[in-house]
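Participant: I need the structure of the sequence given here:
(one chain, ligands or ions: 1)
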Amino acid sequence: MHTPLTEPPAEAGADSLEDQKAAITRLGHELRTLVETTVRTAASPDTLHRVADGVRQVTAQLTGRRRARAEIPEVDGFPGGPRMYSPVVGAGSPLAPPVSITPTDDGLIGHCTLGLAHEGPPGYGHGGMSAMLLDELMGQACTAAGTPGMTVSLQMRYHQPIPLETPLRILGRVTGTDNRKVFVTGTITTEADPSTRLVSADGVFIAPDPDRARALFPGLREEA
Ligand SMILES: CCCCCCCCCCCCCC(=O)SCCNC(=O)CCNC(=O)[C@H](O)C(C)(C)COP(=O)(O)OP(=O)(O)OC[C@H]1O[C@@H](n2cnc3c(N)ncnc32)[C@H](O)[C@@H]1OP(=O)(O)O
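Facilitator: Numbering: from 1, shown residues only. Next up is the predicted model:
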């Protein structure tokens with residue numbers, strides 16, 4: 001029988017926060033490997049049952065302290081910094097490819113490789129996954145441009161299927177603003193052929209006014 005984890009200290013220092021992030025990142029990596037291996041395996045039912053029992057026991061070790069729904073974790077940089085548990089960029093999320101992002105002269109560029117866990121048509125990426133990648137990159141482009149906003153409209157165009165197990169490049173770029181509205185474009189290409197658009201999108205993001213932001217995100221720290 002495993003002992004549940006004890007609660008982390010209420011006020012973690014900078015060092016322990018870094019330790020926490022490193023541990024979250026390591027667990028995220030192992031979980032992603034587990035997820036990808038799970039969707040590829042041809043193991044027998046006996047093996048699958050045995051592994052399911054083992055995973056249940058492992059999960060039981062993580063129930064010591066649960067985060068409340070609207071709580072923003074101490075390790076999380078919302079709204080401007082890295083999100084540890086984002087399903088797109090989060091190093092700690094088993095759902096995330098994860099995408100790594102670098103700034104460019106006029107926007108952001110994301111890099112990732114999708115695996116079989118993100119499959120839509122056999123051998124290709126799920127269309128919802130493409131929308132998620134672009135939504136995140138375009139949203140982060142708003143933040144990088146100094147106008148953080150939430151998606152109110154995302155118009156997707158699927159030109160060609162996205163290959164799995166192939167390094168991808170995702171671009172997000174702000175094209176204009178109108179008061180609290182931010183207009184953004186995005187594209188997905190392969191790293192090998194950045195001039196051929198596989199998927200493109202146009203989006204409108206809205207910066208919620210401060211009262212609305214406080215109501216939507218009660219866990220938002222005042223300085224944010
Ligand atoms: C601290 C802030 C943090 C921000 C979040 C960072 C997240 C980063 C992470 C990124 C993660 C990835 C991203 C995600 O996953 S974001 C998650 C997915 N998106 C949502 O859940 C958003 C849901 N929508 C809302 O909550 C509200 O609409 C918000 C709060 C956004 C605005 O409600 P608010 O009450 O404040 O605004 P308003 O209604 O007065 O409208 C204002 C203006 O906007 C115009 N308008 C409205 N809709 C549309 C439309 N469809 N096309 C064109 N225009 C539209 C409207 O006509 C008006 O224009 P005007 O009449 O003034 O000319």
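Participant: ok, stretch 109-129 near the ligand or not?
Facilitator: No. Contact between stretch 109-129 and the ligand, assessed by C-beta under 6 Å from any ligand atom, is absent, since the two come no nearer than 12.3 Å. Yep, even glycine has a C-beta here, placed from its N, CA and C like the rest.
Participant: tell me how far Ala60 lies from Gly123.
Facilitator: Separation of Ala60 from Gly123 (C-beta to C-beta, to the nearest Å) stands at 36 Å.
Participant: contacting residues for whatever residue of the chain ends up closest to the ligand?
Facilitator: Residue nearest to the ligand within the chain: Gly139 (2.9 Å; C-beta to the nearest ligand atom). By C-beta atoms under 8 Å, 6 or more residues apart in numbering, Gly139 lies in contact with Pro148, Gly149, Met150, Thr151, Gly172, Phe205.
Participant: ok, which pair from these is furthest apart?
Facilitator: Maximum pairwise distance among the contacts of Gly139 (C-beta to C-beta): 14.5 Å, between Met150 and Gly172.
Participant: output the longest helix belonging to the protein.
Facilitator: Looking across the chain with DSSP state H, the single longest helix is helix 14-40.
Participant: quick check: buried residues in it?
Facilitator: Buried residues in helix 14-40, counted by 16 or more other C-beta atoms under 10 Å: Gln20, Lys21, Ile24, Thr25, Gly28, Arg32, Val35.
Participant: list the contacts of the third one.
Facilitator: Meaning Ile24. When the contact criterion is C-beta under 8 Å, 6+ apart, the partners of Ile24 are Val75, Met84, Tyr85, Ala91, Gly92.
Participant: can you check Leu137 too?
Facilitator: Under the contact definition (C-beta under 8 Å, 6+ apart), the residues listed for Leu137 are Val99, Ile101, Leu108, Gly110, Ile170, Leu171, Gly172, Gly186.
Participant: ramachandran angles for the nearest residue to it once chain neighbours are set aside?
Facilitator: Ranked by C-beta to C-beta, 6 or more residues apart in numbering and with sequence neighbours excluded, the top spatial neighbour of Leu137 is Gly172, at 3.5 Å. Reported as degrees, to the nearest 10, the phi and psi values for Gly172 are phi -130, psi 130.
Participant: thinking again about what came up before, any chance of the buried residues of helix 14-40 in a markdown table, plus distance to Phe217?
Facilitator: Written out in a markdown table, the entries for the buried residues of helix 14-40 read as follows (distance: C-beta to C-beta, whole Å):
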| residue | distance to Phe217 |
| --- | --- |
| Gln20 | 21 |
| Lys21 | 21 |
| Ile24 | 21 |
| Thr25 | 24 |
| Gly28 | 23 |
| Arg32 | 27 |
| Val35 | 28 |
